[in-house]
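Student: Take this sequence and fold it.
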Amino acid sequence: MESDQLNYSLLARYMSGECSSREGEIIEQWMGEDPRNKKTMEEFRQIWETSARKRETSETELGIGGEWDKLKNRLRKEGELRGDIEKRSGPIRKLQKTSSVHSPTRQLMRVAAVLLIAGLLGLGSYWYGSQSQPETGEQALREISTEKAQRANTTLGDGTRVLLNADSKMTLPSEFASDVREVFLEGEAYFDVAGNPDKPFVIHAGESVTRVLGTSFSVRSYPEDEGVRVVVQEGRVSFGAADAQDEQKSVLSANELGRYSLRSNRIETRQVDDMELYLSWRDGYLKFRETPMYKVATALERRYGIEVAFDRQELREKSLTALLKSRSIRNVLDVIAMSLNIEYELKDNKVTFYQQ
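Tutor: As a prediction, this is how the structure comes out:
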C-alpha cells in the first residue's frame with residue numbers, strides 16, 4: 001500500500017455515520033482502488049458492529065485490555081509529538097468533534113477495536129489532510145510511512161527530496177514555518193535538502209537533532225539501534241542530542257558519520273571509506289562488511305518482508321561480507337549460505353538458518 005493509507009479517526013467517523021460527504025468520498029475511493037481494501041473495510045465493519053453491541057462489556061471481555069493500554073500510550077506519545085511541532089509551527093488543526101451520545105471511553109474502545117484489527121492487517125494511517133483544508137491560522141500534520149518490504153520517495157513543498165526506507169515513518173506539518181523546516185523521523189531516510197540559508201532544515205530522530213541548510217545525508221533511528229546514526233554524503237550538518245547546546249553538537253562534513261548513543265549520551269564521529277555500506281538501500285540492495293548475522297537478519301526482514309530465525313545461537317554471531325543485489329529472496333539466501341557455509345530453509349515466508 002502506498003504511503004497515503006487509511007486514517008483511523010476518519011474510519012471511525014465513517015463507521016458511526018458522522019463523517020462529511022467529502023470524507024465519505026475519500027473512504028469510498030480508497031475501497032475502489034483495490035479489492036483487498038474493500039475486504040478490509042468489511043472486516044473493519046464486523047469488528048465495529050461487534051464492539052457496538054458489546055458497549056456494556058468490560059475491556060477484558062472484549063479482548064482488548066492489553067491493546068487498550070498500548071493505544072493510550074500511543075495517543076499520549078502522539079500528543080507529545082503534536083505539541084512539540086505545534087510550538088514550532090503554529091496551532092495544529094484538531095480532530096473534528098462528534099455528536100456521539102456514547103461516553104468518550106466507550107467510543108475510544110470502539111476505535112481501539114478497529115485499531116487492533118488494523119494492526120493485525122498491517123495497515124498504516126491514510127493521510128487525507130492534504131485534501132481537507134484546515135481553518136485559517138491552523139496547521140495540519142502530515143505523515144508518510146512505509147511497512148516492511150516498502151520504500152517511499154517523496155518531494156516536500158520546499159523542494160527537499162526524501163527517500164524513506166522500509167518500516168519507517170516521517171511526520172511533518174503540512175506547511176513549514178516561516179523560519180524553520182522541521183520533520184520527525186522514526187526509522188531511516190535519505191534527505192537531499194533544498195538549500196535555503198534563511199530557513200534551516202531540522203530532523204528530530206530519537207533523542208537527537210540534525211540541523212542543515214542544504215545537503216545530502218541519511219538519518220537512521222530504528223528501535224534496536226539504541227541511538228541515531230547520521231551519514232553525510234554532501235555538505236555539512238550539525239548533529240547532537242535534542243537538549244544539547246550548540247557548542248556541544250558535532251559538525252559533520254561530506255563522507256563523515258556521526259553516531260549518538262542513548263546509553264552514554266555521547267556522539268562518536270569518524271570518516272566513511274565506503275558510502276555504499278550505508279546508502280545501498282536507496283538503490284534497492286544491501287551491502288555488508290563483517291556484519292553479525294543478527295543484524296543481517298533485521299535488514300533482510302525489512303527489505304524483503306520475511307521472518308528470519310536461527311537454529312543455534314552461534315549462527316547469530318557469524319559475520320557476513322557480501323553484496324546482495326538480487327530482488328529474489330531465494331537468490332539472496334543462496335549467496336548468504338554459500339558465503340558462510342551454512343544451510344537454510346524457506347517456508348511460509350520464514351527462513352531458518354542452520355549449520356550443515
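Student: what residues are up against Phe191?
Tutor: If you count contacts by C-beta atoms under 8 Å, 6 or more residues apart in numbering, Phe191 has them with Thr160, Arg161, Val162, Phe201, Ile203, Val212, Thr215, Ser216, Phe217, Ser218, Val219. The way it works is simple: take the backbone N, C-alpha and C, and place the C-beta from them, glycine included.
Student: List buried residues within those.
Tutor: Thr160, Val162, Phe201, Ile203, Val212, Thr215, Ser216, Phe217, Ser218, Val219 (16 or more other C-beta atoms under 10 Å).
Student: of all the residues you listed, which comes closest to Asp243?
Tutor: Ile203 (15.7 Å; C-beta to C-beta).
Student: How much space separates that closest one from Ala140?
Tutor: In this view, Ile203 and Ala140 are 20 Å apart by C-beta to C-beta, to the nearest Å.
Student: Okay, domains of this structure per the record?
Tutor: Here the domain parsing of the chain from automatic domain parsing is 8-129, 146-274, 285-355.
Student: For the shortest one, what does the pLDDT average out to?
Tutor: Per-residue pLDDT over domain 285-355 has a mean of 95.
Student: Check stretch 167-179 too.
Tutor: Rounded mean pLDDT across stretch 167-179 is 92.
Student: Could the C-alpha coordinates of it be exported in PDB?
Tutor: Taking Å, rounded to 0.1, in the frame of the first residue of the first chain, the C-alpha atoms of stretch 167-179 are listed here in PDB:
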ATOM      1  CA  ASP A 167       9.400   0.200   8.300                       C
ATOM      2  CA  SER A 168       9.800   3.900   8.800                       C
ATOM      3  CA  LYS A 169       7.700   7.000   9.500                       C
ATOM      4  CA  MET A 170       8.100  10.700   8.900                       C
ATOM      5  CA  THR A 171       5.800  13.300  10.500                       C
ATOM      6  CA  LEU A 172       5.800  17.000   9.500                       C
ATOM      7  CA  PRO A 173       3.500  20.000   9.200                       C
ATOM      8  CA  SER A 174       1.500  20.400   6.000                       C
ATOM      9  CA  GLU A 175       3.300  23.700   5.600                       C
ATOM     10  CA  PHE A 176       6.700  24.600   7.100                       C
ATOM     11  CA  ALA A 177       7.000  27.500   9.500                       C
ATOM     12  CA  SER A 178       8.400  30.800   8.200                       C
ATOM     13  CA  ASP A 179      11.800  30.400   9.900                       C
END
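Student: buried ones in that stretch?
Tutor: Buried residues in stretch 167-179 (16+ other C-beta under 10 Å): Asp167, Ser168, Lys169, Met170, Thr171, Leu172, Pro173, Ser174, Phe176.
Student: got it, and stretch 349-356?
Tutor: Buried residues in stretch 349-356 (16+ other C-beta under 10 Å): Val351, Phe353.
Student: Identify the residues contacting that stretch?
Tutor: Against stretch 349-356 from outside (C-beta under 8 Å, 6+ apart): 293, 300, 305-312, 315, 329, 333, 336-337, 341-345.
Student: rewinding a little: among the domains of the chain, which gets the worst mean confidence?
Tutor: Looking at the domains of the chain, the bottom one is domain 8-129 with a mean of 52.
Student: Next up, the contacts around Leu257.
Tutor: Counting by C-beta under 8 Å, 6+ apart, Leu257 has contacts Arg229, Val230, Val231, Val232, Thr269, Arg270, Gln271, Val272, Tyr278.
Student: Repeat that for Tyr190.
Tutor: Per C-beta under 8 Å, 6+ apart, neighbours of Tyr190: Val162, Leu163, Asn165, Ser216, Phe217, Ser218, Leu279, Arg282.
Student: Pick out the most distant pair among those residues.
Tutor: Longest span within these, C-beta to C-beta: Asn165 and Ser216, 15.2 Å.
Student: Just among the contacts of Leu257, which is most surrounded?
Tutor: Val230 (28 neighbours; other C-beta atoms under 10 Å).
Student: Next one: it from Val209, what distance?
Tutor: 10 Å.
Student: Name the residues contacting each of these two.
Tutor: With C-beta under 8 Å, 6+ apart as the test, Val230 and Val209 both reach Phe239.
Student: ok so, going back, same list, the buried residues of stretch 167-179, but as TSV with distance to Phe288 and secondary structure please.
Tutor: Listed next are the buried residues of stretch 167-179 as TSV, based on distance: C-beta to C-beta, whole Å; DSSP: H, G, I helix; E, B strand; the rest coil:
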residue	distance to Phe288	secondary structure
Asp167	18	coil
Ser168	20	coil
Lys169	25	strand
Met170	26	strand
Thr171	30	strand
Leu172	32	strand
Pro173	37	strand
Ser174	38	coil
Phe176	37	coil
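Student: Between the contacts of Phe191, which sits nearest Gln29?
Tutor: Distances from Gln29 to the contacts of Phe191, taken by C-beta to C-beta, are shortest for Val162, at 25.3 Å.
Student: List the strands paired with the one helix or strand that closest one maps to, with their directions.
Tutor: Element membership of Val162, judged by DSSP states H and E, is strand 161-164. Here strand 161-164 is paired, per DSSP bridges, with strand 152-155 (antiparallel), strand 181-192 (antiparallel).
Student: What are the buried residues along the last one?
Tutor: Of all the residues in strand 181-192, those buried under the rule 16+ other C-beta under 10 Å are Arg181, Glu182, Val183, Phe184, Leu185, Glu186, Gly187, Glu188, Ala189, Tyr190, Phe191, Asp192.
Student: correct me, but the fifth one touches Ser218?
Tutor: No. Counting by C-beta atoms under 8 Å, Leu185 does not reach Ser218; the two are 10.4 Å apart.
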